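1. starting from these lines, generate the structure:
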Amino acid sequence: MANSSLAKRIFRVTLSILVISILFVAYHHDKAHRLYKVVTLFNEDYIVENFRQMGDIFPYHLVAKGPENFKFKTLKQTLISEFEHHNKSYNVDSMLADSDTTGFLVIKNDAIVFEEYYLGNTIDTLNISWSVNKSFVSALLGIALEENLFDSIQDPIDKYLPELKGSGYQGVSIKNIMQMSSGVVFDEDYAAFFSDINRMGRVVALGNSINEFAASLKPGRVAGEYHHYVSMDTQVLGMLLKQVTKMTPTEYLHQKIWSKLGMRADAKWLVDDLGMELAFGP
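-> Numbers count the residues shown, from 1 in each chain. Here you go, the predicted structure:
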């Protein structure tokens, strides 16, 4: 009789959890879909498709191209089929296939000599840029400094972002953050489910603030003494850009760089649900 009563309670609890899960998915379908995509982002069966679907998974701000489209000269040539590295021979086609390369472009003397796309990508496919974006953030900070929008890279970041007081970034100079020697505790292991970088992905997927996540990080090492790759350092620099320019990073990128370089396509800068750019990469 006791076993029967226990079994019924277990069944009711299990059923309740199942109903709650179904209701969550039904009412938060977009967030559930994003969470699934984030959890399986680097799965080898989905990674290529995921990387070209990020604009469908997350909200974004459009970075409009300028009126001029710069075009490289095209002098297509046949690439060598093999090359040597450290006294070992490699086949180019095999290397591209084994590395799941989706696009391969070779520019020599300001001319395109080879251009091919693979695994469903084309010349018009937009793919996530990841940390290439960090270079754009760095360039924008240089422009903002040249325009005297902030005083010095030696300034502590919380001089401009008081919301970072009490966090691992309090008192840390802009320079140390740009050099990724902020000293904050952050685990950027993409293969570890509970790492900080994957925890961050789930936080954003569920609609929470990327800036609040960055402000939650704690101090670890003395700033400026140890280089540690921390994508949230770049996110904090994105926060700084928005504060000192009084523009979104998207607007500033369009105005200062994207519209002036003859880009052939508009770009998409992913944002969190509060509209803040994910400055660290996408």
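
2. all strands in the stretch 101-250 of the chain, in order from the N-terminus.
-> Taking DSSP state E, counting those that start in this stretch as the test, the strands found in the stretch 101-250 of the chain are 103-108, 111-117.

3. was I right to think residue 229 contacts residue 188?
-> Yes. Using CB atoms under 8 Å, residue 229 makes contact with residue 188 at a distance of 5.8 Å. C-beta coordinates here come from the backbone N, C-alpha and C atoms, glycine included.

4. beyond the lowest-mean-pLDDT helix or strand in the chain, next helix or strand please.
-> The helix or strand of the chain with the lowest confidence, counting by mean pLDDT, DSSP states H and E, is helix 2-27 at a mean of 57. Moving toward the C-terminus from helix 2-27, the next helix or strand (DSSP states H and E) is helix 29-39.

5. what comes up buried for that following helix?
-> 31-32, 34-35, 37-38 (16 or more other CB atoms under 10 Å).

6. packing partners for that helix?
-> If you count contacts as 3 or more CB pairs under 8 Å, 6 or more residues apart in numbering; DSSP states H and E, helix 29-39 packs onto helix 54-57, helix 196-205.

7. would you list these in TSV and tack on mean neighbour count and mean pLDDT?
-> Formatted as TSV, these follow (neighbours: other CB atoms under 10 Å; pLDDT from 0 to 100):
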stretch	mean neighbour count	mean pLDDT
helix 54-57	17	92
helix 196-205	19	96
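
8. tabulate the ones you listed (JSON lines), appending distance to residue 91.
-> Below are the helices and strands packed on helix 29-39 laid out as JSON lines (distance: least, CB to CB, whole Å):
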{"stretch": "helix 54-57", "distance to residue 91": "32"}
{"stretch": "helix 196-205", "distance to residue 91": "34"}
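
9. would you agree residue 276 is in contact with residue 212?
-> No. At 9.6 Å, residue 276 does not count as touching residue 212 under the criterion of CB under 8 Å.

10. when these two are compared, which one has more neighbours?
-> More crowded of residue 276 and residue 212, by other CB atoms under 10 Å: residue 276, with 21 against 13.

11. between the buried residues of helix 29-39, which is closest to residue 246?
-> residue 34 (29.8 Å; CB to CB).

12. who are the contact partners of that closest one?
-> With contact set as CB atoms under 8 Å, 6 or more residues apart in numbering, residue 34 has these partners: 57-58, 205-206.

13. you'd agree residue 185 is up against residue 228?
-> No. The criterion here is CB under 8 Å, and residue 185 misses it with residue 228 at 9.2 Å.

14. ok, which of the helices and strands packed on helix 29-39 comes nearest residue 112?
-> helix 54-57 (25.6 Å).

15. who's in contact with the helix or strand that comes right after the closest one?
-> Elements were assigned by DSSP H and E; along the chain past helix 54-57, the next helix or strand is strand 60-63. Residues outside strand 60-63 that contact it (CB under 8 Å, 6+ apart): 248, 250, 253-254, 258, 266-271, 275, 277.
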